[in-house]
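Enquirer: Pasting the sequence and the predicted coordinates here, then a few questions.
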There are 4 protein chains.
Amino acid sequence: MSGVVRADRAIAAVAQAAAEQGFAVAITVVDTAGVLVAFRRMDGCMVGPVDVSQKKARTAALFGMDSTDFGQVAQPGGAIYSIEHTNGGLISFGGGVTLRDADTLVGAIGVAGATTDADETLARAGAQAY
Amino acid sequence: MSGVVRADRAIAAVAQAAAEQGFAVAITVVDTAGVLVAFRRMDGCMVGPVDVSQKKARTAALFGMDSTDFGQVAQPGGAIYSIEHTNGGLISFGGGVTLRDADTLVGAIGVAGATTDADETLARAGAQAY
Amino acid sequence: MSGVVRADRAIAAVAQAAAEQGFAVAITVVDTAGVLVAFRRMDGCMVGPVDVSQKKARTAALFGMDSTDFGQVAQPGGAIYSIEHTNGGLISFGGGVTLRDADTLVGAIGVAGATTDADETLARAGAQAY
Amino acid sequence: MSGVVRADRAIAAVAQAAAEQGFAVAITVVDTAGVLVAFRRMDGCMVGPVDVSQKKARTAALFGMDSTDFGQVAQPGGAIYSIEHTNGGLISFGGGVTLRDADTLVGAIGVAGATTDADETLARAGAQAY
């Protein structure tokens, strides 16, 4: 199936779940190079989460690792502290989730604008729907 | 009607028209601050047009002026030459079109990846569908 | 054959031809997203061409178009003047050449540090050897 | 011996050792100004390590100090915390190693994409082969 059709399906799933929970979020899908494939900012979502959702998605895509796992090690005191300053700025908390075809990394989805826990759950729902 | 629903409708209209013409384009909708509302990169669209479509939409939104009109004056020899280097880089050719509610500017749509003429026509079709 | 092996072979071909002509150049190979695959700066090459060779390669890769053709239209007075300010800065003269597998774009090679004509010829030799 | 020939030899040594260990890494050699001399991204290496390997090499070159030593002091609580935000972003963990001629600093090598320990060991092997 077309990549952008799958991306839109993932975004629609996130948007619906977010609306049901009363959140207005920004949702980004990128390819393995971190380049934008599709994006949606729900009505009522502030401006800040637009960039955050993109950086979450980029973090997961560029390292093949969910941003919440990345955050375990890219923290002051962590094994790879300072890596978060590379690649234009990366994110060390939940909401960026890899997208895979079977085991092959094909990109990532990033969600921002709700709580960190909800962003993470929503991103996982999006990855599921992809 | 919801802004993002209208943005998605505009993007869908552009994507369908582009597909019929055999083009794979990048399509950006931004608000009046030039911040992303919705985005889609069609399968087969190269990476370069991703940024170009965003800068076209930003150009139209930030100055309330279609990018093709902007290009009449923002050129070497033009009345406001050099303004195209502001705001992170603006675009002096067609494909960025303002979105209005009656007469009120509400954002802009940018299309890149086809020919300049086709980008412009597609963006106008998107603005119509918005 | 491995992508990076082919990239190294292209770079070696450019470096040998440049040395024979008495030039010290910077040579960049990127993928279709414009991300670095391989790079070599010959002894005696100044610092400036390092970035120029990368932007030449990115220009060709991101738009699927040799930088010399790009330069026909991305000039003051050209149909897409100002596009050279997108994507972090693009190059409007020779020395960036697309790399293809049959008809499929797989990346690009950029050469800088000689004359523009020699850069262009060297980049074409590199694309041939790829 | 030519600087770039030595750089290529170092990169080849790292690539061979990494392949034997089952890693696909990005390898950067820079001069004392932190400017690229040679680079190779092995097949299968993700995009994120490309920038990380460059920042590791820059860190070591710009301060004449391996990135793992730099990380002892350039951490929250460390003596020069915040210096890692200078020079476009520096790296506070292993994988960036200085290159010297006798005692004279001539540049640095950076490796990223394996584990931090393996990156560090590979970079030292590269410095040895230089």
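Expert: Sure thing, it's come through.
Enquirer: CA atoms for contacts and neighbours, from now on please.
Expert: OK.
Enquirer: Which of the helices and strands in chain A ranks last by mean pLDDT?
Expert: Among the helical and strand segments of chain A, the one scoring lowest on mean pLDDT, DSSP states H and E is helix A:67-73, with a mean of 92.
Enquirer: buried sites along that helix?
Expert: By neighbour count on 16 or more other CA atoms under 10 Å in any protein chain shown, the buried set for helix A:67-73 is A:67-68, A:70-73.
Enquirer: The following helix or strand past it pairs with which strands, and in what direction?
Expert: Toward the C-terminus, helix A:67-73 is succeeded by strand A:96-101 as the next helix or strand (DSSP states H and E). Paired neighbours of strand A:96-101 in the sheet (DSSP bridges): strand A:104-112 (antiparallel).
Enquirer: distance of A:L36 from chain B?
Expert: Applying CA to the nearest CA, to the nearest Å, the value for A:L36 to chain B is 7 Å.
Enquirer: What about that residue, how many residues nearby?
Expert: By other CA atoms under 10 Å in any protein chain shown, the residues close to A:L36 number 23.
Enquirer: Quick one, grab the pLDDT at it.
Expert: According to the prediction, A:L36 has pLDDT 98.
Enquirer: show me what contacts the spatially closest residue to it that is not a sequence neighbour?
Expert: Sequence neighbours aside, A:V30 is the residue nearest to A:L36 in space, at 4.4 Å (criterion: CA to CA, 6 or more residues apart in numbering or on different chains). Taking CA atoms under 8 Å, 6 or more residues apart in numbering or on different chains, we find A:V30 in contact with A:36-38, A:54, A:57-58, A:61, A:107-109.
Enquirer: Name the nearest residue to A:Q54, ignoring sequence neighbours.
Expert: In space, and not counting its chain neighbours, A:Q54 is closest to A:T28: 5.6 Å by CA to CA, 6+ apart.
Enquirer: one step back: just checking, what packs against the least confident helix or strand of chain A?
Expert: helix A:48-63, strand A:96-101 (3 or more CA pairs under 8 Å, 6 or more residues apart in numbering or on different chains; DSSP states H and E).
Enquirer: With mean pLDDT and mean neighbour count added, can I get those in JSON lines?
Expert: Converted to JSON lines, those look like this (pLDDT from 0 to 100; neighbours: other CA atoms under 10 Å in any protein chain shown):
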{"stretch": "helix A:48-63", "mean pLDDT": "98", "mean neighbour count": "27"}
{"stretch": "strand A:96-101", "mean pLDDT": "96", "mean neighbour count": "26"}
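Enquirer: export these to TSV and tack on distance to A:T86?
Expert: Written out in TSV, the entries for the helices and strands packed on helix A:67-73 read as follows (distance: least, CA to CA, whole Å):
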stretch	distance to A:T86
helix A:48-63	10
strand A:96-101	16
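Enquirer: closest to B:S82 out of these?
Expert: For the helices and strands packed on helix A:67-73, proximity to B:S82 was assessed by CA to CA; helix A:48-63 is nearest, at 27.4 Å.
Enquirer: Now do the contacts for A:D66.
Expert: A:59-60, A:94-98.
Enquirer: which of these lies closest to D:L90?
Expert: When the contacts of A:D66 are ranked by distance to D:L90 (CA to CA), A:T59 comes first, at 17.6 Å.
Enquirer: which residues touch that closest one?
Expert: If you count contacts by CA under 8 Å, 6+ apart, A:T59 has them with A:34, A:65-67, A:90-91, A:96.
Enquirer: Out of those residues, which comes closest to chain D?
Expert: The shortest gap between chain D and any of these belongs to A:G34, at 8.2 Å (CA to the nearest CA).
Enquirer: The closest one touches A:G107, doesn't it?
Expert: Yes: contact criterion CA atoms under 8 Å: A:G34 and A:G107 qualify, at 7.3 Å.
Enquirer: Those two: which has the busier surroundings?
Expert: Using other CA under 10 Å as the criterion, A:G34 and A:G107 rank with A:G107 on top: 28 against 24.
Enquirer: Just the pLDDT for the residue most central in space within chain A.
Expert: Chain A has A:G110 as the residue nearest its centroid, 1.3 Å off, counting by CA atoms, centre = their mean. Listed pLDDT for A:G110 reads 98.
Enquirer: what do you get for A:M1?
Expert: 61.
Enquirer: D:A129: which of the helices and strands packed on helix A:67-73 is closest?
Expert: The nearest among the helices and strands packed on helix A:67-73, by CA to CA, is helix A:48-63 at 28.2 Å.
Enquirer: Tell me which residue lies farthest from the centre of chain A.
Expert: Distance to the chain centre peaks in chain A at A:G77, reaching 24.4 Å (criterion: CA atoms, centre = their mean).
Enquirer: Wait, it touches D:Q75, no?
Expert: Yes: here A:G77 reaches D:Q75: they are 7.4 Å apart, a contact under CA under 8 Å.
Enquirer: What sits closest to the closest residue to chain D within chain A if chain neighbours are left out?
Expert: Across chain A, the shortest distance to chain D (CA to the nearest CA) belongs to A:L62, at 4.4 Å. Nearest residue to A:L62, sequence neighbours excluded (CA to CA, 6+ apart): D:G48, at 4.4 Å.
Enquirer: Pull up the gap between the one you found and A:A114, please.
Expert: Note on D:G48: its distance to A:A114, by CA to CA, to the nearest Å, is 26 Å.
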